[in-house]
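Sequence first, then the predicted structure:
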Amino acid sequence: MMEMLCARRAMLRPFHPLTRNICQQFYRWPTIAATAKNSLDMHYHLLGYIYTPFHKSCLDSSPLLS
């Protein structure tokens, strides 16, 4: 049960950049460690795409989604 919960949280991590991943025990299960590594890679690739609209919106008060 805990393994599945950690896997789900690891997979959702890239799409919620402002939240922490509560389950930090990725090393306990090899499959979860691989999932966490892939999701962290995706997270760092998406950072520019996620934060740029927020930054632009703060600078010129434009809508976040247009």
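Great, that's in hand. Numbering: from 1, shown residues only.

per-residue pLDDT, the one residue sitting closest to the centre of the chain?
By C-alpha atoms, centre = their mean, the chain has its centre lying nearest to Pro14, at 2.0 Å. As predicted, Pro14 sits at a pLDDT of 70.

Now do the SS call for it.
Classification of Pro14 by DSSP: H, G, I helix; E, B strand; the rest coil places it in helix.

That one touches His43, doesn't it?
Yes - at 3.9 Å, Pro14 and His43 qualify as touching, with contact defined as C-beta atoms under 8 Å. Backbone N, C-alpha and C define where each C-beta goes, glycine included.

on that earlier part again, look up how far Thr52 lies from the residue nearest to the centre of the chain.
Separation of Pro14 from Thr52 (C-beta to C-beta, to the nearest Å): 15 Å.

Where does the prediction get shaky in the protein?
For the chain, the stretches with pLDDT under 70 are 17-24, 66.

mind running it again at 90?
1-58, 61-66 (pLDDT under 90).

what sits against the residue lying farthest from the centre of the chain?
Centroid-distance maximum for the chain: Asp60 at 26.2 Å, with C-alpha atoms, centre = their mean. By C-beta atoms under 8 Å, 6 or more residues apart in numbering, the contact list for Asp60 is empty.

Wait, Ile32 touches Arg8, no?
No - counting by C-beta under 8 Å, Arg8 is not a contact partner of Ile32; they are 10.0 Å apart.

More neighbours: which of the two?
Taking neighbours as other C-beta atoms under 10 Å, Ile32 and Arg8 compare with Ile32 leading, 23 against 13.

Just give me how far the lengthiest helix in the chain sits from the chain centre.
In the chain, assigned by DSSP state H, the helix with the most residues is helix 30-60. Centroid displacement of helix 30-60 relative to its chain, using C-alpha atoms, centre = their mean, to the nearest Å, is 5 Å.

Then stretch 5-12?
When distances are taken as C-alpha atoms, centre = their mean, stretch 5-12 is centred 10 Å away from the chain's centroid.

just stretch 54-66 next, same as before
21 Å.

Report the buried residues of it.
Neighbour counts using 16 or more other C-beta atoms under 10 Å place no residue of stretch 54-66 among the buried ones.

Sounds good, over and out.
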